[in-house]
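Peer 1: below is the structure, and that's it, no one-letter string:
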Ligand SMILES: C[S@@+](CC[C@H](N)C(=O)[O-])C[C@H]1O[C@@H](n2cnc3c(N)ncnc32)[C@H](O)[C@@H]1O
């Protein structure tokens, strides 16, 4: 389940989040008159950037968050459109030359089936380009899961706390195998560490709040969610120390396949 998205919070780390997207785009072979589909497009800024850099004919961004889509619609322009839809339930004929997805696939399980479905949207010589975070083992993630198992949060969930979406992410070699099995003739899969230099350790909390913690914001009353964030912050500072600047190593998997 995706969380409650706040476009303003998400955009606080715009430059850091854009870097892997540009690395992903660099893997795509530009050809004439591309039709691009961006799944989990968020605020749409990067969809527009892809449209521009790839000199695409048209680009369609899909997202299931009304708040993110409202922000995205500000970027609508000739050739660029956005639609509210689920990226797994979405269906399209074989009509896209490029299927892109940046930092969104982790929100859904069963990547083998999802990638098979996304491949079915591609034209005969289409390209798939996907980026997912792979930093489940970083304390910013393990502490988030740990605090969620404590009271009063645990009872408020009325069962197991929502799982970290990054648990859905496979090993890089698994994606390579899937791309092969799906018929991609050329592929590039890599794990890359992005070294983000944040002003202070506190900023890690703001970063995670804009993404991973949205799963708790969706399930806790606003006051309880704020209490959760305070405890999470105290634990992060205790474990990671107060540093300024703070170096945040962030592992990501970039995968690209060409049919
Ligand atoms: C971390 S943001 C990435 C946004 C954008 N791709 C970017 O790179 O800036 C993840 C996005 O995935 C969207 N999302 C999560 N699950 C989704 C689903 N099942 N269908 C469509 N969008 C989904 C969220 O609403 C959110 O906008």
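Peer 2: Perfect, I can see it now. Given the structure is predicted, the values throughout are model-derived calculations rather than measurements.

Peer 1: now do the closest residue to the ligand within the chain, the pLDDT please.
Peer 2: Nearest residue of the chain to the ligand: residue 42, at 2.5 Å (CB to the nearest ligand atom). In short, each C-beta sits where N, CA and C put it, glycine included. On the pLDDT scale, residue 42 is placed at 94.

Peer 1: and it, how many neighbours?
Peer 2: 24 (other CB atoms under 10 Å).

Peer 1: tell me who's in contact with it.
Peer 2: Contacts for residue 42 (CB atoms under 8 Å, 6 or more residues apart in numbering) come out as 5, 7, 10, 63, 65, 68, 71, 72, 103, 104.

Peer 1: what residue ranges in the stretch 151-259 of the chain are flagged as low confidence?
Peer 2: Across the stretch 151-259 of the chain, nothing is flagged by pLDDT under 70.

Peer 1: distance of the spatially most central residue of the chain relative to residue 166?
Peer 2: Residue closest to the mean C-alpha point of the chain, counted by CA atoms, centre = their mean, is residue 103 at 1.8 Å. Noted for residue 103: a distance of 10 Å to residue 166, by CB to CB, to the nearest Å.

Peer 1: okay, and the common contacts of those two?
Peer 2: With CB under 8 Å, 6+ apart as the test, residue 103 and residue 166 both reach 132, 133.

Peer 1: isn't residue 185 up against residue 126?
Peer 2: No. With contacts counted by CB atoms under 8 Å, residue 185 stays clear of residue 126, the gap being 11.3 Å.

Peer 1: all helices of the stretch 101-250 of the chain, in order?
Peer 2: Under the criterion DSSP state H, counting those that start in this stretch, the stretch 101-250 of the chain contains helices at 111-119, 139-148, 153-157, 172-181, 202-209, 214-217, 222-240.

Peer 1: would you indicate which residues of the first one are buried?
Peer 2: Taking 16 or more other CB atoms under 10 Å as the neighbour-count basis, helix 111-119 is seen to contain the buried residues 111, 114, 115, 117, 118, 119.

Peer 1: quick check, nearest of these to residue 244?
Peer 2: residue 111 (37.3 Å; CB to CB).

Peer 1: I'd guessed the closest one sits against residue 165; true?
Peer 2: No. In this structure residue 111 lies outside contact range of residue 165 using CB under 8 Å: 11.6 Å.

Peer 1: returning to what we had before: so which of residue 185 and residue 126 has more stuff around it?
Peer 2: Legend: neighbour count by other CB under 10 Å for residue 185 and residue 126, higher for residue 126 (22 against 10).

Peer 1: having no further points to raise, I will conclude here.
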